[in-house]
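# Pasted the sequence and its predicted model underneath.
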Amino acid sequence: MSEKAPQNYKNHPRLDLLYHGFLLPVAAAGVIVAIVNVIQAPGWASFFGVLTAAALAVAAFKVRVYPLKVQDRLIRLEERMRLATLLPEPWRARIGELTEGQLIALRFASDAEIPALVEKTLAGNLKPKEIKQSIVSWRADYFRV
């Protein structure tokens with residue numbers, strides 16, 4: 001088994017070729033073809049084709065969104081537990097002030113830089129992108145779907 005390339009800010013987003021390269025374009029094309037069909041041959045059957053294509057496109061989108069939401073919940077829980085063990089006592093009480101996006105972004109920070117990064121995040125209300133760009137020692141997450 002080959003080793004994975006080191007993850008960093010520039011290469012951490014993940015693309016699923018079957019989803020992003022096949023399912024979404026086919027779903028979008030299906031909606032477009034159905035709309036063209038209803039324009040060229042209006043009627044109940046062609047209108048139902050638009051509804052069916054739209055329903056399939058929404059289902060394709062939701063198939064991706066629901067698992068990501070579950071992963072985000074797990075990441076938030078994991079990061080809260082991690083922060084509770086890594087932060088000094090005064091900062092532990094402020095873990096609840098971090099937003100969902102901030103917690104998810106902090107997962108990439110190494111244990112050593114977490115205390116300073118959390119302090120900086122809370123002091124400056126950093127956005128997730130700013131947090132990720134501030135990370136010096138990247139902690140890879142290869143399990144994200």
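Everything's here; your move.

# Select the longest helix from this protein.
helix 44-86 (DSSP state H).

# Could you give me the buried positions within the next helix or strand after it?
Remark: after helix 44-86, the chain's next helix or strand is helix 89-92, criterion DSSP states H and E. Neighbour counts over helix 89-92 (16 or more other Cβ atoms under 10 Å) mark residue 91 as buried. For every residue, glycine as well, the C-beta is placed using N, CA and C.

# Do me a favour and average the pLDDT over helix 89-92.
The average pLDDT within helix 89-92 is 90.

# what's the offset of the following helix or strand past that helix from the middle of its chain?
Using DSSP H and E, the helix or strand that directly follows helix 89-92 along the chain is helix 100-106. Centroid separation for helix 100-106 versus its chain: 10 Å, with Cα atoms, centre = their mean, to the nearest Å.

# Okay, buried residues for helix 100-106 please.
Here helix 100-106 shows 102, 103, 104, 105, 106 as buried, counting by 16+ other Cβ under 10 Å.

# cool, and stretch 118-135?
The neighbour-count criterion (16+ other Cβ under 10 Å) identifies 118, 121, 126, 128, 131, 132, 134, 135 as the buried residues of stretch 118-135.

# quick one: the last one from residue 31, how far?
With distances defined as Cβ to Cβ, to the nearest Å, the gap from residue 135 to residue 31 amounts to 39 Å.

# just to revisit the earlier point, in CSV, list the buried residues of stretch 118-135 along with secondary structure and distance to residue 13.
CSV is the format used below for the buried residues of stretch 118-135 (DSSP: H, G, I helix; E, B strand; the rest coil; distance: Cβ to Cβ, whole Å):
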residue, secondary structure, distance to residue 13
118, helix, 23
121, helix, 21
126, coil, 19
128, helix, 12
131, helix, 15
132, helix, 10
134, helix, 18
135, coil, 15
